[in-house]
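*Asks:* pasting a predicted model and its sequence here:
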Amino acid sequence: MSRVLIVGAGLTGSLCACLLRRELKNKVKIVVWDKARGAGGRMSTSRSPDDSSHSADLGAQYVSATAAYHKSHHSLYSELRSRGVLQLLDAPVEGLKDKEGTVNYVTPRGMSSIVRHFLTESGADLFFEHHVTALYRRGASWEVHRKLGGSEEFDAVVLTMPVPQILELQGELGDMLSVSQRQQLDSVVYSSRFALALFFGPDVVLDVSWAVRYVSQSESSCIRYIAVDSRKRNAAPGRGPSLVVHTSVPFGLQHLERDKQDVQPIILEELHKLLPGLPQPISIKSHKWRFSQVQSAVPGSPGQMTLHPQPPLVCGGDAFCHSNFDGCVESALRVFDVLKASL
């Protein structure tokens, strides 16, 4: 039985784990490590600081499938819909510019429910607060070190974290990269942005006609997206509404090195200009996405990069394809192809 470590409990890592289990069944032992305290990555669903049952999506907001991807990934979309993970987005959206034939889906239980579904299907051993710091080759296996101490050996390793974090890893990874691979990884560019979730009491009604609103640059240089998150994803009634705000990329870049709590009042001031009379929230949660969407992926969008064939060391994620649901799916499929051939 081969031991496979997948670093990163986001969409690419979770789907890759699921594909391994379904295809190779009991021939592999799958382990997933993530440095965070929960699954999802940029598809995480955040809880209110005052009420863990009150949640909002601070990262990815919904799934947009082009006609081509809706056809090529039909089995996955059908699976997620049949399990109640995905539903059609039928709430009003203001300012959305979709390509013809695009189908939009929401997640009633939050975006992280997609990742949790695949992780459950994978049967993987899942460990949080496991921050990988170094990799060393030990014969036919990889010795993987963690930030809090300790190491384990695996027959194959998949890295799905953001590219800058891959390049920071200590050990033998740097020596394995060819000049071409280093150049390709260095060319990856991420956008950065801040996000806020405002949680309101059960008696509050947000008096807006939309569930999602895209804000133009002429309206605000700070805020680019607002969603009544509970309305957008058809959240179960009984809890108060939640409002999600995403800043523009230039604003995120301008304030990137500032603490998120210092930036929060600036965003709130801009929000009240756009939504005067907004009720007082019970609580607010903020997040800084240093690595948000991928603006420039690895040239050619290969879906994966094999750093070492045997024992396998493979990189995957949206940086190797494109930055949306289907990009991560494509990457997971390409990583799985490599692992299947190697194992």
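*Replies:* Received, thanks.

*Asks:* for the rest of this, base every contact and every neighbour count on C-alpha atoms.
*Replies:* Noted.

*Asks:* Glu172 contacts Arg138, correct?
*Replies:* No: using Cα atoms under 8 Å, Glu172 makes no contact with Arg138, being 10.7 Å away.

*Asks:* residue ranges of the helices in the chain, please?
*Replies:* Applying DSSP state H to the chain gives helices spanning 11-24, 67-72, 74-82, 112-122, 163-167, 173-176, 179-186, 229-232, 249-254, 260-274, 325-342.

*Asks:* over to the closest residue to His272 other than its chain neighbours: give its phi and psi.
*Replies:* Nearest residue to His272 in three dimensions, chain neighbours excluded: Leu278, at 6.5 Å (Cα to Cα, 6 or more residues apart in numbering). Per-residue torsions, Leu278: phi -60, psi 130 (degrees, to the nearest 10).

*Asks:* from Ser216, how far out is the residue nearest the centre of the chain?
*Replies:* In the chain, the C-alpha nearest the mean C-alpha coordinate belongs to Arg42, at 2.4 Å (Cα atoms, centre = their mean). Here the distance between Arg42 and Ser216 works out to 24 Å (Cα to Cα, to the nearest Å).

*Asks:* same question for Gln280.
*Replies:* Look at Gln280 and Ser216: by Cα to Cα, they are 25 Å apart.

*Asks:* more crowded one of these two?
*Replies:* Ser216 (14 against 11; other Cα atoms under 10 Å).

*Asks:* the more buried one contacts Thr247, correct?
*Replies:* No: between Ser216 and Thr247 there is no contact under Cα under 8 Å: 11.3 Å.

*Asks:* what residues are shared contacts of these two?
*Replies:* Listed as contacting both Ser216 and Thr247 by Cα atoms under 8 Å, 6 or more residues apart in numbering are Arg224.

*Asks:* so the residue nearest to the centre of the chain sits against Tyr62, correct?
*Replies:* No: when contacts are counted by Cα under 8 Å, Arg42 is not listed as touching Tyr62 (11.7 Å).

*Asks:* okay, now the domains of this protein?
*Replies:* 2-47+111-188+300-342, 192-292 (automatic domain parsing).

*Asks:* and the nearest residue to Val335 once chain neighbours are set aside, what's its pLDDT?
*Replies:* Leaving aside its chain neighbours, Val335 sits nearest to Gln304 (5.8 Å; criterion: Cα to Cα, 6+ apart). As predicted, Gln304 sits at a pLDDT of 98.
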